[in-house]
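Visitor: got a sequence here, can you model it:
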Amino acid sequence: MSFNSSMNRWLWVFMAGAALGVGTHAATAQADGVESARGHEHEREPQKYTVALWGDMPYNALGKQQYPNLLLDVNDADVAFSIFDGDLKAGGDGPCTDENLYTPALDYFSQLKRPLVWVPGDNDWTDCWGRYGAASTAAGADDPIERLNHERALFAATDFSLGQTKLRLTRQSSQGGAYAQYRENVRWKYGPVVYIGLNVQGSNDNYPYAGVDGETRTQAQIDVQRAEEVARKAADIQWLNDGFNYAKKVRAAGVMVVFQADLNFNNEQHLVDTRSWDAFPAYVDALRSVSVAFPGQVALVHGDSHYFKVDMPLSTAQGGVVTNFTRVETFGARNNHWVAATIDANDPKLFSFEPRIVAANRD
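Guide: All right, here's what the predicted structure looks like:
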């Protein structure tokens with residue numbers, strides 16, 4: 001069955017279930033503006049639930065072998081929905097073609113019983129030009145911007161999530177104008193939390209320099225990618241600010257921001273060449289601004305570096321800790337496990353995070 005046919009079938013099932021009053025996790029998700037229109041309906045939304053977080057997989061032969069175990073484990077868990085924070089394959093796992101990459105990824109996501117929200121990763125588009133070896137000879141498969149547009153058409157074609165049941169999403173593209181192309185930037189509300197998904201990438205967010213990180217393209221090609229990064233960063237920061245304003249409007253207790261890149265907070269990776277990460281400080285500054293001004297809790301979820309961690313790396317302008325901001329980095333690459341994020345409106349911390357080790361993937 002084609003992807004479009006499958007998507008149409010899933011949408012029909014979802015809408016039919018809603019019409020019949022079938023209870024699903026997706027039915028409780030709030031589209032923007034619904035709360036103000038329905039008064040106190042938010043009081044009936046789930047106040048405690050769990051979300052599955054993962055990304056940077058499947059990588060290499062081992063990952064492809066173990067990935068189905070993770071999907072089964074998530075299906076067996078009592079999660080409201082899942083969020084995939086980017087990178088559908090390892091950089092060296094072959095070309096960015098439908099056959100090798102996008103179709104298998106969609107097939108994997110279709111196995112999830114509950115909604116799956118996807119954000120893109122650099123291995124899926126920015127690095128498709130051949131950073132990890134010879135690029136594909138398939139038409140367009142070595143052009144990062146074309147590959148991103150292709151991903152948008154496959155993974156963000158509708159205003160619903162992926163998975164067998166759906167969450168309705170608000171996409172930045174609905175604003176039109178300069179933001180019409182950014183369908184991958186999403187927002188939704190579930191219970192006490194507003195979720196914001198952004199296209200922020202590893203590989204210095206697609207802002208390359210000749211000779212850095214394996215870069216061999218011409219300066220003209222580099223300039224095209226830089227222009228893409230500058231425009232997308234402006235869109236990302238606008239969507240971040242807009243999402244926090246919305247969270248204040250609906251009196252959300254917390255905001256979870258999700259994207260792929262490890263921003264290298266405070267140069268924690270001890271990188272000597274700033275050209276490997278100089279695209280990231282503007283995102284750090286934006287996260288600082290919105291978090292300090294927000295009265296609730298903020299969680300940032302990302303992948304990219306493949307090591308599970310929970311910490312508080314964001315500093316104030318004076319060098320202190322931004323105390324309402326928590327960063328969570330998900331598993332990835334060799335470790336095919338996931339992170340359970342529990343949201344509890346009655347917990348002053350609101351968010352708690354637990355590594356979920358898939359037993360079949362321990363070795």
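Visitor: the nearest residue to L112 once chain neighbours are set aside: neighbouring residues, count only.
Guide: Leaving aside its chain neighbours, L112 sits nearest to G163 (4.4 Å; criterion: Cβ to Cβ, 6 or more residues apart in numbering). For the C-beta atoms, the positions are set from N, CA and C on the backbone; glycine is no exception. Neighbourhood size, G163 [other Cβ atoms under 10 Å]: 23.
Visitor: do P115 as well
Guide: P115: 29 surrounding residues under other Cβ under 10 Å.
Visitor: and it, how far is that from G303?
Guide: Between P115 and G303 the distance is 19 Å, computed by Cβ to Cβ, to the nearest Å.
Visitor: same check on N361?
Guide: For N361, the distance to G303 - Cβ to Cβ - is 17 Å.
Visitor: look at those two and report which has more neighbours.
Guide: Using other Cβ under 10 Å, the more surrounded residue of N361 and G303 is G303, with 29 against 20.
Visitor: measure the more buried one to S110 for me?
Guide: As judged by Cβ to Cβ, G303 and S110 stand 21 Å apart.
Visitor: helix/strand/coil for L101?
Guide: What DSSP: H, G, I helix; E, B strand; the rest coil gives for L101 is helix.
Visitor: residues contacting stretch 260-267, please?
Guide: For stretch 260-267, contacts defined as Cβ atoms under 8 Å, 6 or more residues apart in numbering pick out 55, 85-87, 119-122, 200-202, 205, 269, 271, 277, 280, 283-284, 302-305, 313-315, 327, 329.
Visitor: that one: end-to-end distance?
Guide: 17 Å (Cα to Cα, to the nearest Å).
Visitor: same thing with stretch 78-91?
Guide: First-to-last distance for stretch 78-91 - Cα to Cα - comes to 32 Å.
Visitor: so for it, what gets flagged as buried?
Guide: Neighbour counts over stretch 78-91 (16 or more other Cβ atoms under 10 Å) mark 79-91 as buried.
Visitor: among these, which are located in helices?
Guide: Secondary structure assignment by DSSP state H places none of these in helices.
Visitor: between those, which is nearest A247?
Guide: I83 (16.8 Å; Cβ to Cβ).
Visitor: what is the nearest of the buried residues of stretch 78-91 to Y49?
Guide: Lowest distance from Y49 to the buried residues of stretch 78-91 (Cβ to Cβ) belongs to A80, with 4.3 Å.
Visitor: report the secondary structure state of P348.
Guide: Reduced to three states by three-state DSSP, P348 is coil.
Visitor: all strands of the stretch 151-300 of the chain, in order?
Guide: Using DSSP state E, counting those that start in this stretch, the strands of the stretch 151-300 of the chain run over 170-171, 186-190, 193-197, 254-258, 297-302.
Visitor: what strands flank the third one, and is each parallel or antiparallel?
Guide: Using DSSP bridges, strand 193-197 pairs in its sheet with strand 186-190 (antiparallel), strand 254-258 (parallel).
Visitor: make CSV out of those and add mean pLDDT and mean neighbour count.
Guide: Putting these into CSV (pLDDT from 0 to 100; neighbours: other Cβ atoms under 10 Å) gives the following:
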stretch, mean pLDDT, mean neighbour count
strand 186-190, 98, 24
strand 254-258, 98, 25
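Visitor: columns distance to V230 on top of these, output as JSON lines?
Guide: Output for the strands paired with strand 193-197, formatted as JSON lines (distance: least, Cβ to Cβ, whole Å):
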{"stretch": "strand 186-190", "distance to V230": "21"}
{"stretch": "strand 254-258", "distance to V230": "21"}
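Visitor: now the helix or strand encompassing L71 - C-alpha only, CSV.
Guide: Under the criterion of DSSP states H and E, L71 resides in helix 60-76. Only the C-alpha atoms of helix 60-76 are listed here, as CSV (Å, rounded to 0.1, in the frame of the first residue of the first chain):
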residue,chain,number,x,y,z
ASN,A,60,24.0,0.4,11.2
ALA,A,61,23.1,-3.3,11.0
LEU,A,62,22.8,-3.7,14.8
GLY,A,63,20.4,-0.9,15.1
LYS,A,64,18.2,-2.3,12.3
GLN,A,65,18.2,-5.6,14.1
GLN,A,66,17.3,-4.0,17.5
TYR,A,67,14.9,-1.2,16.4
PRO,A,68,11.8,-3.4,16.2
ASN,A,69,12.3,-4.4,19.9
LEU,A,70,12.2,-0.8,20.9
LEU,A,71,9.0,-0.2,18.9
LEU,A,72,7.4,-3.2,20.6
ASP,A,73,8.5,-2.0,24.0
VAL,A,74,6.9,1.4,23.4
ASN,A,75,3.7,-0.2,22.2
ASP,A,76,3.6,-2.3,25.4
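Visitor: list the buried ones in it?
Guide: 63-64, 66-67, 70-71, 73-74.
Visitor: do the same with stretch 171-191
Guide: 171-173, 175, 179, 182-191.
Visitor: alpha carbons only: can I get it in CSV?
Guide: Extracted as CSV, the C-alpha positions of stretch 171-191 are listed here (Å, rounded to 0.1, in the frame of the first residue of the first chain):
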residue,chain,number,x,y,z
ARG,A,171,2.2,23.7,12.0
GLN,A,172,4.2,26.9,11.5
SER,A,173,3.4,26.7,7.8
SER,A,174,-0.2,27.7,8.7
GLN,A,175,1.1,31.2,9.2
GLY,A,176,1.8,31.5,5.5
GLY,A,177,4.1,34.1,4.1
ALA,A,178,7.8,33.7,5.0
TYR,A,179,6.9,30.7,7.1
ALA,A,180,4.8,28.7,4.6
GLN,A,181,7.5,26.1,3.9
TYR,A,182,8.3,25.2,7.6
ARG,A,183,5.8,22.4,8.0
GLU,A,184,8.1,20.4,10.2
ASN,A,185,7.9,23.1,13.0
VAL,A,186,4.9,22.1,15.1
ARG,A,187,3.1,22.8,18.3
TRP,A,188,0.4,21.0,20.3
LYS,A,189,-1.0,21.1,23.8
TYR,A,190,-1.6,18.0,25.8
GLY,A,191,-2.8,18.3,29.4
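Visitor: done for today, thanks.
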